[in-house]
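>>> with the input below, show me the fold.
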Amino acid sequence: MEAFDYMLPWNALAFMFSGLWSLLSIAIYAYVAFCLYTIAKKTNAENPWLAWIPIANIVLACQIAGKPWWWVFLLFIPIVNVVLAILVMWKVAEARNKPGWLGILLIVPIANLVIFGIIAFAD
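Sure thing, here's the model as predicted:
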């Protein structure tokens, strides 16, 4: 046991940061879900509560964008998903009367959180 005593502070630090990372991930998910919920309410989409359910929120985004629900399956294909996600978010931005190019900015980390807020809350 003495050989591993030097690891104890690092284990505690790793445990603390993993907990903080988990809380941050949950907070970001809740924020994005709330933004999508608000967008759905403002665009009069059916069942805006789907924004809170994983995968169902993708169906809701496709519905807001006017795309077929089966696009969800295409969004699980690598590389195709990036292109289709940009197209969907382009149409979602246009549904909120915002410039469609905001959908492209959703692939930029950190900026995507701001853009979701702009699309959802700016009038």
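>>> quick one, helices of the chain?
8-42, 56-65, 71-74, 80-95, 111-121 (DSSP state H).
>>> pLDDT weak spots in the chain?
Low-confidence regions of the chain, defined here as pLDDT under 70, cover residues 1-10.
>>> follow-up on the earlier one: most tightly packed of the helices of the chain?
Per residue and on average, the most neighbours among these fall to helix 56-65, with a mean of 21 (mean count of other CB atoms under 10 Å). For the C-beta atoms, the positions are set from N, CA and C on the backbone; glycine is no exception.
>>> rewinding a little: same list, the helices of the chain, but as a markdown table with distance to residue 50 please.
Written out in a markdown table, the entries for the helices of the chain read as follows (distance: least, CB to CB, whole Å):
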| stretch | distance to residue 50 |
| --- | --- |
| helix 8-42 | 8 |
| helix 56-65 | 4 |
| helix 71-74 | 12 |
| helix 80-95 | 14 |
| helix 111-121 | 15 |
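>>> residue 17 versus the spatially most central residue of the chain, what's the distance?
The C-alpha lying nearest the average C-alpha coordinate of the chain belongs to residue 32 (CA atoms, centre = their mean; 4.9 Å). From residue 32 over to residue 17 the distance is 22 Å, taken as CB to CB, to the nearest Å.
>>> just residue 58 next, same as before
Looking at residue 58 against residue 17, where the rule is CB to CB, the gap reads 30 Å.
>>> surely residue 113 and residue 30 touch.
No. In this structure residue 113 lies outside contact range of residue 30 using CB atoms under 8 Å: 11.8 Å.
>>> identify the contacts common to these two.
Taking CB atoms under 8 Å, 6 or more residues apart in numbering as the criterion, residue 113 and residue 30 do not both touch any residue.
>>> run a quick neighbour tally on residue 102.
By other CB atoms under 10 Å, the residues close to residue 102 number 21.
>>> which residues touch it?
In this structure, residue 102 makes contact with 89-90, 93, 115, 118-119, judged by CB under 8 Å, 6+ apart.
>>> identify the farthest-apart pair in those residues.
By the measure CB to CB, 90 and 118 form the most distant pair in these, at 14.0 Å.
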